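Participant: based on what follows, work out the 3D shape:
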Amino acid sequence: MSTQTEPAPDRASLTAEVAADVVLTGIRKTYGDVVAVDSVDLEIARGEFFTMLGPSGSGKTTTLRIIAGFERPDSGRVELNGVDVTRKPPYDRDVNTVFQDYALFPHMSVADNVEYGLRVKGVKRQERRQRANEALVLVQLEGFGERRPVQLSGGQRQRVALARAIVNHPEVLLLDEPLGALDLKLRQEMQTELKRIQREVGITFVYVTHDQEEALTMSDRIAVFSQGRIDQIGTPAAIYEQPANEFVAAFVGISNLLERDGRRFTIRPEKIRLLAESEQPESDDHVERGTIREVVYAGSITRYVVDLDHGGEIVVVRQNTAGPFPAGDEGRPATVAWDSDHTFTIKHRRENG
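Facilitator: Have a look, this model is predicted:
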């Protein structure tokens, strides 16, 4: 399998100095005739915030469950901290998992929920209470220990679930779309909190999501999944600015795909200028003319869809720095321009199999 890989940041680079906490080699998993994961190779460095991103059915969650031990691969090898755990059950792996539904015990207090894993391991009461309090401080829930889950907001319950996982000091923390049940504002706040917590504890986070903003906001590196395979691995900037193929370009953010003179390329909407009638393009700009088909006001930006005279359409965004632009632009001629250096040659999406 050919995978586009970009170098990770210094703190997460896979070098001899930084060991890999998770190594997957040739992982394959099928359910009847459906190939859920198809020959996935992957290395995740110690202390890295690594995100597996993709649409439903792309194989990302199955891959996470294979790392956790909830699913056994049909073929391939799973290593955690250099140890082959392919055939070990979940309780024999030094990992913890945080799920979207929190899975808190409603009859227990917050403190008892956080302590539960330590109690199962036989940790003495005084030590487990101390470690639970430290975990609650870390997730900014100090003083909430005596409450019951029903007395907490959704975001607070998610923090309790996170504290319960962290208190066990796992080598790897697996997070299966943990913010999916939260509203947009709270989800954005929790993205920042998760990244802060990960940096403070230094545990390797492996995060699964279909939300591109989450992946770009929190990750050191991202693996983009499609049809059971990894299309690209790289830093958020590399994934966004240099997509490996048409699928990655279209899935991660809004991207304009055009073909001119035999060259297929992508250009992001924020890099395109919609020129006023009296405005002249720069000397090295690529310039095209067309007709505005749609104008969408979206708060901080206005989004224009332009049908180009030479074929295809293009989306342009303008910041509403001085308030919204006047309505009624649909049907008007338009000139768009962009710096040719901001385009990126794209490959056609590979065929599955």
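
Participant: longest helix anywhere in this protein?
Facilitator: Counting by DSSP state H, the longest helix found in the chain is helix 184-201.

Participant: average pLDDT across the helix or strand that comes right after that one?
Facilitator: Per DSSP states H and E, the first helix or strand lying C-terminal to helix 184-201 is strand 204-209. Taken as a whole, strand 204-209 has a mean pLDDT of 95.

Participant: do stretch 258-273 as well
Facilitator: Taken as a whole, stretch 258-273 carries a mean pLDDT of 91.

Participant: that one: end-to-end distance?
Facilitator: End-to-end distance for stretch 258-273: 16 Å, by Cα to Cα, to the nearest Å.

Participant: and the helices in the chain?
Facilitator: Using DSSP H, the helices of the chain run over 60-68, 110-120, 125-138, 154-166, 184-201, 212-218, 236-241, 246-251.

Participant: who touches the longest one?
Facilitator: Among residues not part of helix 184-201, those counted as contacts by Cβ atoms under 8 Å, 6 or more residues apart in numbering are 49, 138-140, 153-155, 158-159, 162, 166, 175, 178-179, 182, 205, 207, 213-214, 217-218. All C-beta atoms are positioned from the backbone trio N, CA, C, and that covers glycine.

Participant: how about the contacts made by residue 158?
Facilitator: So residue 158 contacts 98, 102, 178-179, 182, 190 (Cβ under 8 Å, 6+ apart).

Participant: quick one, phi/psi of residue 180?
Facilitator: With angles defined as degrees, to the nearest 10, residue 180 sits at phi -60, psi -30.

Participant: wait, it touches residue 101, no?
Facilitator: No: taking contacts as Cβ atoms under 8 Å, residue 180 lies outside contact range of residue 101: 9.2 Å.

Participant: higher neighbour count, those two?
Facilitator: Between residue 180 and residue 101, residue 180 has the larger neighbour count (other Cβ atoms under 10 Å), namely 15 against 12.

Participant: does residue 63 really touch residue 27, like I thought?
Facilitator: Yes: with contacts defined as Cβ under 8 Å, residue 63 counts as touching residue 27 at a distance of 6.8 Å.

Participant: overlap in contacts of these two?
Facilitator: Residues touching both residue 63 and residue 27 comprise 37, 40, 42, with contact defined as Cβ under 8 Å, 6+ apart.

Participant: Throw those residues into TSV and include distance to residue 145, thanks.
Facilitator: Putting the shared contacts of residue 63 and residue 27 into TSV (distance: Cβ to Cβ, whole Å) gives the following:
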residue	distance to residue 145
37	40
40	41
42	38
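
Participant: let me have the residues you listed in TSV, extended by neighbour count, distance to residue 300 and pLDDT.
Facilitator: Below are the shared contacts of residue 63 and residue 27 laid out as TSV (neighbours: other Cβ atoms under 10 Å; distance: Cβ to Cβ, whole Å; pLDDT from 0 to 100):
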residue	neighbour count	distance to residue 300	pLDDT
37	26	39	96
40	26	38	96
42	20	36	96
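
Participant: could you check how far the residue minimising distance to the centre of the chain is from residue 272?
Facilitator: Central residue of the chain (Cα atoms, centre = their mean): residue 215, 2.4 Å from the mean position. Using Cβ to Cβ, to the nearest Å, residue 215 is found at 24 Å from residue 272.

Participant: ditto for residue 307
Facilitator: When distance is defined by Cβ to Cβ, residue 307 is 14 Å away from residue 272.

Participant: just residue 259 next, same as before
Facilitator: Using Cβ to Cβ, one gets 16 Å for the distance from residue 259 to residue 272.

Participant: go on, residue 45?
Facilitator: 36 Å.

Participant: same question for residue 40.
Facilitator: 35 Å.

Participant: how about residue 57?
Facilitator: Distance, residue 57 to residue 272, by Cβ to Cβ: 32 Å.

Participant: fine by me, thanks again.
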